[in-house]
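*Asks:* Please find the sequence and the predicted model below.
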Amino acid sequence: MSTSTASRYLRGQLKVQPETAARIDAAVRELHYEVRPAAAADGAREHAPVIALIVPELANPFFAALAEEIATAAAVSGASLVIGVTGRQAQREAKVSDFVAGTEDIDGMIYVGMHRENPRLLQAISDGLPVVVLDEEIANTSGVDTIGVDNYGGAYQATAYLAQLGHRRIAHIAGPRELSTTRDRLRGYREAMEHAGLEVDEALILHGPYTEQFGASTFPYLTGAAQPPTAVFIGSDIAAVGVLGAAELHGLSIPEDLSVVGCDGIRVGEWLRPKLTTLQQPVAELARGALELVHARITDPGGGTVRRNLPLQLVIRGSAVPPQH
């Protein structure tokens with residue numbers, strides 16, 4: 001039994017087995033420990049909650065914007081926020097999870113972009129730490145509240161839009177294979193192609209990290225295909241920035257030679273030339289929703305599991321047009 005488990009039990013945030021409760025109560029009596037009440041007489045919390053926000057990175061403007069929105073929502077609600085960055089590295093994820101789970105004053109966690117099973121986090125959840133998973137879905141987290149977007153529906157919409165413009169050779173620049181968002185967007189792309197009567201060329205599906213560098217690096221594969229694509233759906237705006245930035249180096253003009261649709265709706269997309277057509281993430285709604293869920297779980301640890309899926313909105317700008325050749 002961890003010290004954080006005992007702390008949450010004493011603060012009324014966790015129900016434990018009768019024998020565990022008896023051991024904690026006996027220790028309290030033996031040590032003459034003064035238990036700080038979790039709530040005042042009127043039911044309100046005695047102190048503002050402290051929430052840990054865990055993000056994979058801040059270099060990607062999508063995660064930076066999401067963290068900013070969560071920080072703003074937390075400030076409005078009176079909560080304090082502690083931010084940890086994992087770098088999508090297992091060792092750093094473990095250290096961050098250990099810190100949060102072992103810190104008595106942290107009341108709940110919002111975990112963004114988790115992409116692998118994290119044994120330490122699963123143990124913290126089992127010990128009663130209120131956790132909300134945002135953006136990605138992971139296995140073995142039954143009973144954990146989640147909030148995200150309809151990545152399948154968004155990818156279907158983006159690909160279908162390119163097909164409606166008249167494109168027949170549509171590539172897909174996808175994210176890392178282990179991400180649930182990648183798999184859902186790939187499924188939406190495939191089904192939209194199928195429903196439009198278009199053949200999927202497996203050579204035009206490229207997986208890699210969501211970075212400008214990866215986006216830029218895809219051109220040899222796109223232009224070197226036996227039948228190059230006239231359009232591409234990219235699973236991340238930051239990768240799309242790399243594509244737009246490198247196009248001229250490869251003798252291509254966007255959108256005349258290659259139409260581009262991204263995903264995320266980062267602000268810089270409005271300043272590109274041409275402006276980026278994209279799937280807009282409901283960042284403010286995701287931030288508020290995640291904070292509401294973790295507040296609710298802190299207040300009512302035994303409440304039913306919540307899963308929210310918000311829609312992505314296709315924002316049409318200048319980077320996608322009917323095929324010109």
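*Replies:* Noted; the coordinates are in hand.
*Asks:* Quick one: residues contacting the spatially most central residue of the chain.
*Replies:* Using CA atoms, centre = their mean, the residue of the chain that lies closest to the mean C-alpha position is D135, 2.5 Å off. With contact set as CB atoms under 8 Å, 6 or more residues apart in numbering, D135 has these partners: 66, 112-113, 148-149, 181, 286. (C-beta placed from N, C-alpha, C; glycine too.)
*Asks:* before we move on, what about P323?
*Replies:* Contacts of P323 by CB under 8 Å, 6+ apart are 165-168, 230-231, 259.
*Asks:* For V261, list each beta-bridge partner.
*Replies:* The partner list for V261 in beta bridges (DSSP bridges) reads F233, T277.
*Asks:* now stretch 193-204, how far from the chain's geometric center?
*Replies:* 27 Å (CA atoms, centre = their mean, to the nearest Å).
*Asks:* quick one: the helices in the chain?
*Replies:* Along the chain, the stretches classed as helices by DSSP state H are 3-10, 18-31, 61-77, 90-102, 119-126, 151-164, 180-195, 212-217, 219-223, 237-246, 283-299.
*Asks:* and these, which one is worst for confidence?
*Replies:* Between these, the one with the least mean pLDDT is helix 3-10; it has a mean of 56.
*Asks:* which ones among the contacts of P323 are found in strands?
*Replies:* Secondary structure defined by DSSP state E assigns 231, 259 of those to strands.
*Asks:* any idea which of the contacts of D135 is the one closest to G304?
*Replies:* Here the nearest of the contacts of D135 to G304, counting by CB to CB, is G148; it sits at 18.1 Å.
*Asks:* List the residues that contact that closest one.
*Replies:* The contact partners of G148, taken as CB under 8 Å, 6+ apart, are 134-137, 181, 286, 308-310.
*Asks:* go again using 10 Å as the cut-off
*Replies:* Shown in contact with G148 (CB atoms under 10 Å, 6 or more residues apart in numbering): 112, 133-137, 180-181, 184, 281, 286, 289-290, 307-310.
*Asks:* try V50
*Replies:* By CB under 10 Å, 6+ apart, the contact list for V50 reads 74, 79-82, 103-108.
*Asks:* For these, which PyMOL command selects only the ones that are buried?
*Replies:* To isolate the buried members of these in PyMOL, using 16 or more other CB atoms under 10 Å:
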select buried, resi 74+79+81+103+106+107+108
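*Asks:* Please look at A48 and A79 and confirm they touch.
*Replies:* Yes: using CB atoms under 10 Å, A48 is in contact with A79, at 5.7 Å.
*Asks:* still on that earlier bit, hmm, which of the contacts of P323 are the buried ones?
*Replies:* Buried among these (16+ other CB under 10 Å): 165, 167-168, 230-231, 259.
*Asks:* Most widely separated two among the residues you listed?
*Replies:* Spatially, the most separated pair among the buried ones among the contacts of P323 is R168 and S259, at 11.9 Å (CB to CB).
*Asks:* tell me, what's touching those two both at once?
*Replies:* 162, 229-231, 323.
*Asks:* Dump these to a markdown table, plus distance to I125.
*Replies:* Below are the shared contacts of R168 and S259 laid out as a markdown table (distance: CB to CB, whole Å):
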| residue | distance to I125 |
| --- | --- |
| L162 | 40 |
| P229 | 43 |
| T230 | 47 |
| A231 | 42 |
| P323 | 50 |
